[in-house]
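Peer 1: give the three-dimensional model of this entry:
(2 chains)
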Amino acid sequence: MKELMLGNKAFARGLYEAGCCFVSSYPGTPSTEVTEEAAKYDEIYCEWAPNEKVAMEAAFGASLSGRRSFCGMKHVGLNVAADPLYTMSYTGVNGGVVICVADDAGMHSSQNEQDSRHHAIAAKVPMLEPSDSAEALAFAKLAYQISEDFDTPVIMKMCTRVAHSQSVVEISERVVPERKAYEKNIPKYVMMPGNAIRRHPFVEERTRKLREWAETSGINRVEMGGTEVGIITHSTSYQYVKEVFGDSVSVLKLGMVNPLPEKMIKDFASKVKKLVVVEELDPIIENHCKALGLTVSGKDILPMEGEFSQNMLRKLFEKEVPAGNAIEDTIPMRPPVMCAGCPHRGLFYTLNKNKCTVLGDIGCYTLGAVAPLSAIDMTLCMGASVSAIHGYNIAGDGANEGKTVAVIGDSTFMHSGMTGLANIAYNQSNSTVIILDNSITGMTGHQQNPTTGYNIKGDPAGKIDLEALCRAMGFNRVRVVDPYDLKACDTAVKEELAANEPSVIISRRPCALLKYVKHNAPLTVNADKCVGCKSCMRIGCPAISIKDGKARVDATLCVGCGVCEQMCGVKAFESTKKEAI
Amino acid sequence: MSETKNVMIVGVGGQGSLLASKLLGKLLLDAGYDVKVSEVHGMSQRGGSVVTYVRYGEKVYSPVIDKGEADYIVSFELLEAARWLPYLKKDGQIVTNIQQIDPMPVITGAQEYPTDLVAKMKATGAKVDALDCLALAEQAGSSKAVNIVLMGRLSHYFNMPEEAWQKAMEAMVPAKFLEMNKKAFELGKNA
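Peer 2: As a prediction, the model looks like this:
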């Protein structure tokens, strides 16, 4: 039966059909749904791991025990998991291992747009790249075959447009291969120098064999359309090329981007007068062509940054670009904002009020950097807030302590904030770390994590006690505040910054979008009391606006958190609860 | 069969455009078309401007719609219709809710919400069908049915039998909300 399926869901379907038995991942846009969809199959054990490195190592363990396993992550997640990846390349696998990495050209939801193909090349592992949902499903199954036939982990690279587009797929039955017996094999699985030295030639030989396989297996295909122009392309770029050029050019469509074929590319180049590579981000295929001695066009025309589109190709290849209409008015931007009732808002207001330098981290709270709060000074990568405050405070020779905090979410803290905190505890910088505990992984769409007490299926699970954890590391000063309570927040921040030892503040209040969270009645503005001072506008709440010189609350958005009520000097905000009764 | 047709569904993160694109996808797939539906998840969903691309035809390649390519723009919010207007074909059709949601620069007073947007969009030559979907949705029984009111209105411009829409709704809408949504569809269609 034909059905429309999201690329990530089709990937999960492929895992299911291939008999994958074990999935361990860390959420990250645009990869998250592969694991969420896999978790809907009862036959597959699925879990959220604390981070990508743990997930990949767990998947490796499952492979050792003879089962087909999977781990999924976004592009920057593969940096975290690079350590196991590069050596798993040497050990190879027992049961097949497939790794999803989802790139985000255009940075719809990411802090950089690195090209994950570099990791596949550097780790010397095969990388497949589907261009639509049907290929995502088929390639997932093929990836297990390659993994077991060539004794290697296989990376399947998604991108935002393939991961988050629905296209037509046909599904089939699940076939579970028999469990492969685990056999002790020290030279293969114990990567100490004497053994690893002998595995490296195996890796090189494997790449040679895979390159041969890439020439003839059919995963790379030629669609001839004349001899004038030949375009080598892959992934979603293939779709833009076909959209713009149709059958008027010849296309070499690559489904495996590492290792790249040589004979096939040379043969294709020999059949066309002009050779062009169309690939988003880095010129990897292009440089491969150049290394083969071919004359090729690519990044001399196309940008290194961002996503491609059909109009971009039309323009750069001098074809007609369709015209659209526009009105003359400036259209105000509509950037993403912290939701009404977001528990982070009260805390960021407090940090602003105390003129703190705020070293931030990765999550919804990064939106605290957006005006009018503009409350964050730095965002680098997962866990960097906690590690960086230590260096910032020590190198500041006392000038930064007492006015600098690190802020990190509960899930990000579990991911890689704990190790940074261990450094503060061990090397004793006078640092204050604030854990923004909203009891969920928010930005990626509400995934459970080790602090929530529930697993990926929503069933009760282990629950890590943040206070106990921080105390066990040696922190004497650990306190919990409710970020809806501005006075308590202010007191906590002032006292912990003043203290002459490391401290942790846990700002605890569940995400306002969680289904189980009960909201208060929306507030209203008493127009007789409101003096139009706009001080309530400093918190950037999307439910509050100024109309005719007075504050106004949008009752459909307001969840009655009361933060605005506490900061209003003339007590103009009132609860609608009384009227409701 | 035909050349590829393009429908954009635009709105503000959290307005519920997902059901609308699911419904359209099902409708068009059942009608025998190749279909692609593309959306963006993650950060932009938090109250930001969101867009879903629906493309159908004999064979669809690109998952996205570019400027000047949309045959239809279905908008949940007035400013968003104006924002995405450059994506409409010269003779394209807009179906928009007249609801206005202030974006942050307007809330903070840094910018003004433009006035007379429907008239200004029409002045560019675009065909604009603007209606109060929120009122119609509430009349049908739920403010959440704005998406189905819009689909009902869109059905005017689609050469697709009524039963096909009904069938797609039955497949995509939970049974307990089906009657309410059918009513919302009718109200949109006949508005």
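
Peer 1: let me see the contact set for B:Leu136.
Peer 2: By C-beta atoms under 8 Å, 6 or more residues apart in numbering or on different chains, the residues touching B:Leu136 are B:Val149, B:Ala184, B:Leu187, B:Gly188, B:Ala191. For glycine as for every other residue, the C-beta is placed from the backbone atoms N, C-alpha and C.

Peer 1: identify the residue spatially nearest to the first one, adjacent ones excluded.
Peer 2: Computed as C-beta to C-beta, 6 or more residues apart in numbering or on different chains, the closest residue to B:Val149 that is not its neighbour in sequence is B:Gly188, at 3.7 Å.

Peer 1: find the residue at the geometric middle of chain B.
Peer 2: Geometric centre of chain B, nearest residue: B:Val74, 2.7 Å, by C-alpha atoms, centre = their mean.

Peer 1: which strand or helix spans it?
Peer 2: Assessed by DSSP states H and E, B:Val74 sits inside strand B:70-75.

Peer 1: before we move on, the earlier item: surely the residue nearest to B:Val149 meets B:Asn147?
Peer 2: No. With contacts counted by C-beta atoms under 8 Å, B:Gly188 stays clear of B:Asn147, the gap being 9.6 Å.

Peer 1: about what we covered before: for the residue nearest to B:Val149, list the residues it contacts.
Peer 2: Applying C-beta under 8 Å, 6+ apart, the residues near B:Gly188 are B:Leu131, B:Cys133, B:Leu136, B:Ile148, B:Val149, B:Leu150, B:Met151, B:Gly152, B:Arg153, B:Ser155.

Peer 1: would you check that B:Leu78 makes contact with B:Val95?
Peer 2: No. Using C-beta under 8 Å, B:Leu78 is not in contact with B:Val95; the gap is 11.9 Å.

Peer 1: among the two, which residue is more densely surrounded?
Peer 2: B:Val95 (27 against 20; other C-beta atoms under 10 Å in any protein chain shown).

Peer 1: and what about that one, helix, strand or coil?
Peer 2: Of the three states, B:Val95 takes strand according to DSSP: H, G, I helix; E, B strand; the rest coil.

Peer 1: sorry, back to before: nearest to chain A, of the contacts of B:Leu136?
Peer 2: Of all these, chain A sits closest to B:Val149, with 16.7 Å by C-beta to the nearest C-beta.

Peer 1: could you say which helix or strand holds the residue of the stretch 101-250 of chain A found nearest chain B?
Peer 2: Using C-beta to the nearest C-beta, the closest approach of the stretch 101-250 of chain A to chain B is made by A:Ser109 at 3.1 Å. Assigning secondary structure by DSSP H and E places A:Ser109 outside every helix and strand.

Peer 1: that one: neighbour count?
Peer 2: For A:Ser109, the neighbour count with other C-beta under 10 Å is 20.

Peer 1: okay, strands next: where are they in the stretch 301-450 of chain A?
Peer 2: Here the stretch 301-450 of chain A has its strands, by DSSP state E, counting those that start in this stretch, at A:357-359, A:404-409, A:432-437.
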